[in-house]
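> attaching a predicted model along with its sequence, questions to come.
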Amino acid sequence: MKPDRHAHRAAIAGIAAFFVLPAALAKSEQGFRLIAEPYATGSPRFDGPVAAPGDGWSDSAVDGVESGAVAQPVFSTTVKTQQTPWLRVHFAAHQLGDGGYLMLTSALDGQTQRLDAASLPIWQNTSAIFNGDEVQIDLYAGPGDTGVYFTVDHLLVADPEDFAFGFSPEPGTQIETSICGDFDDRSGSNDPRVGRLFFGGCTGWLVHNGAALTAGHCGTPDGNIMGVIEFNVPLSSSNGVPFAAPVNDQYPVTGVMASESGGEGADYAVFSVGPNSNTGLFPHRSQGFFHMTSAVPVEGTTLRVTGYGIDPFPSGTGGAGAPCCDWDDDGACDFSCNSRNLTQQTDTGSCDDCLAGTAIEHTVDTMPANSGSPVIWNSIDVAIAIHAQGGCDTVFSDFDNAGTWLGYGPLSTSLQNFLPNRVWLDAASPQTIRTGHVLRAFRNIAETAQSAPSGSTIAIVTGNYPAASGNAATFNRPMTLTAHLGTVRLGN
């Protein structure tokens, strides 16, 4: 029998440090941070200069040209601050007309974002994440549009005392690194289905019903997940300060459908993600997604965890602006992050005791900010859990890391209800008992035709369904077949 693990460890959670900087003032208001328990942080204050807005910043409405087929630039300004590696622009109000839009451009790397009257609310009236401390904003007015304008009231910028992703435990807190052995065996990876939650210090990922998943403790106390999920993240600086992903690989978090932060085996969030404002694509179309199952592998099965954990091994260059990345037993912060910090890494390990209550226990190396990562049945590349707790280390060698099993009742129900009233068909389903539930999807048309109730809407997950695999059948009652998230090929 193993000792009580809960008495020896704290849940691993990432923290994104940022605060609000009024765009038209030289001095900021009191800032704030989002935190994921059990860490606690202060409320830093920044008194650095801000570029003064030019004439027409917030109250000069502009008319478009009377004729012409395309929108024309009618106003331009720049927002700028100092001592920040990244910023986001918040628009208090806007009137862009039928054909107008805003074009934002980073002075550092030239990344651009197009926002119009339809996409701005989806992005919660806030821009994408731009690297650097200066963004140009150009206002375009459509033909015949009158009185177009925008108002910028504040910027979201990195905390200058703890850039971008600082981790600040209370003094004396022992933080367990969740490395299952003597060495950190994670390696760099580029799975397009796994993203970084920029303002949550956690990992999120895409699944076959159109939802995104992470750990429940990655949100705010009311279950909200703020900000952006970003994919194809570049390497960080040599001292661990992360850079934002290309704007075309950033997507707004639009809502949390269900969330629980109840500790091991009950720690999850199911959330929705909006389209990229430049491409118009939802991430499931451009990044792909994981198939899911509630099946449980046998003990010793190889599992994989892919996510955006911190990295102090080997130590980075440190210096001014470096984030905290590692602690000794006294809880002191070490500025040791390296260029892999908060970039995507992956590792494999074994399923140890596999299902313990409603938790999948594993020995895959993880670090803080891996919270929310997919726990993957490696041989079939299907997700079975959401990584949420750490405890595997060289001191308490009998402890394992753990994730919330997708078959956990409330999570399973939430996944099924994300798109309600669907019967699921997925050729990748590994289940032996298949009911049409999103985690127990039918595998072929023949099963579906035989077992699905009359009047069902069948959600067919993107893929090929050849006739030889049971995808030739006769329907003797009405059903609606829908191709879900992409192209479906039935038969030959």
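Everything's here; your move.
> confidence score at residue 52?
We have a pLDDT of 34 for residue 52.
> I should have written residue 334 there, sorry.
pLDDT at residue 334 comes out at 77.
> kindly report the same for the one 10 residues further on.
Confidence at residue 344, expressed as pLDDT, is 98.
> state the pLDDT value of the nearest residue to it once chain neighbours are set aside.
Spatially, and ignoring its direct neighbours in sequence, residue 344 is nearest to residue 189 (5.2 Å; Cβ to Cβ, 6 or more residues apart in numbering). For the C-beta atoms, the positions are set from N, CA and C on the backbone; glycine is no exception. At residue 189, the pLDDT value in this model is 98.
> show me the strands in the stretch 351-492 of the chain, by range?
359-362, 374-377, 382-389, 401-405, 423-425, 457-465, 480-490 (DSSP state E, counting those that start in this stretch).
> in JSON lines: these, plus distance to residue 149, mean pLDDT and mean neighbour count.
Putting these into JSON lines (distance: least, Cβ to Cβ, whole Å; pLDDT from 0 to 100; neighbours: other Cβ atoms under 10 Å) gives the following:
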{"stretch": "strand 359-362", "distance to residue 149": "52", "mean pLDDT": "95", "mean neighbour count": "28"}
{"stretch": "strand 374-377", "distance to residue 149": "44", "mean pLDDT": "98", "mean neighbour count": "26"}
{"stretch": "strand 382-389", "distance to residue 149": "43", "mean pLDDT": "96", "mean neighbour count": "29"}
{"stretch": "strand 401-405", "distance to residue 149": "46", "mean pLDDT": "96", "mean neighbour count": "30"}
{"stretch": "strand 423-425", "distance to residue 149": "47", "mean pLDDT": "98", "mean neighbour count": "25"}
{"stretch": "strand 457-465", "distance to residue 149": "42", "mean pLDDT": "96", "mean neighbour count": "20"}
{"stretch": "strand 480-490", "distance to residue 149": "38", "mean pLDDT": "94", "mean neighbour count": "14"}
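> and those strands: which comes nearest residue 301?
strand 374-377 (6.8 Å; Cβ to Cβ).
> and the closest one, which strands flank it?
strand 302-307 (antiparallel), strand 382-389 (antiparallel) (DSSP bridges).
> ok, residue 259 touching residue 220?
No. The criterion here is Cβ atoms under 8 Å, and residue 259 misses it with residue 220 at 9.7 Å.
> what are the ranges of the strands in the stretch 201-350 of the chain?
Using DSSP E, counting those that start in this stretch, strands in the stretch 201-350 of the chain cover 202-206, 212-214, 228-230, 250-261, 267-273, 291-292, 302-307, 326-327, 333-334, 345-356.
> out of these, which is closest to residue 179?
Once the strands of the stretch 201-350 of the chain are compared by Cβ to Cβ, strand 345-356 is nearest, at 9.5 Å.
> what is that closest one packed up against?
Judged by 3 or more Cβ pairs under 8 Å, 6 or more residues apart in numbering; DSSP states H and E, the packing partners of strand 345-356 are strand 187-188, strand 302-307, strand 359-362.
> which of the residues in that strand are buried?
345-352, 354-356 (16 or more other Cβ atoms under 10 Å).
> same thing with stretch 409-423?
Applying 16+ other Cβ under 10 Å to stretch 409-423 flags 410-412, 414-416, 418-419, 422-423 as buried.
> same thing with stretch 466-482?
Result for stretch 466-482 [16+ other Cβ under 10 Å]: buried residues 470-473, 479.
> related to what we said a few turns ago, now the buried residues of strand 345-356 in JSON lines, with distance to residue 128?
Formatted as JSON lines, the buried residues of strand 345-356 follow (distance: Cβ to Cβ, whole Å):
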{"residue": "345", "distance to residue 128": "24"}
{"residue": "346", "distance to residue 128": "26"}
{"residue": "347", "distance to residue 128": "30"}
{"residue": "348", "distance to residue 128": "33"}
{"residue": "349", "distance to residue 128": "35"}
{"residue": "350", "distance to residue 128": "39"}
{"residue": "351", "distance to residue 128": "38"}
{"residue": "352", "distance to residue 128": "40"}
{"residue": "354", "distance to residue 128": "40"}
{"residue": "355", "distance to residue 128": "40"}
{"residue": "356", "distance to residue 128": "40"}
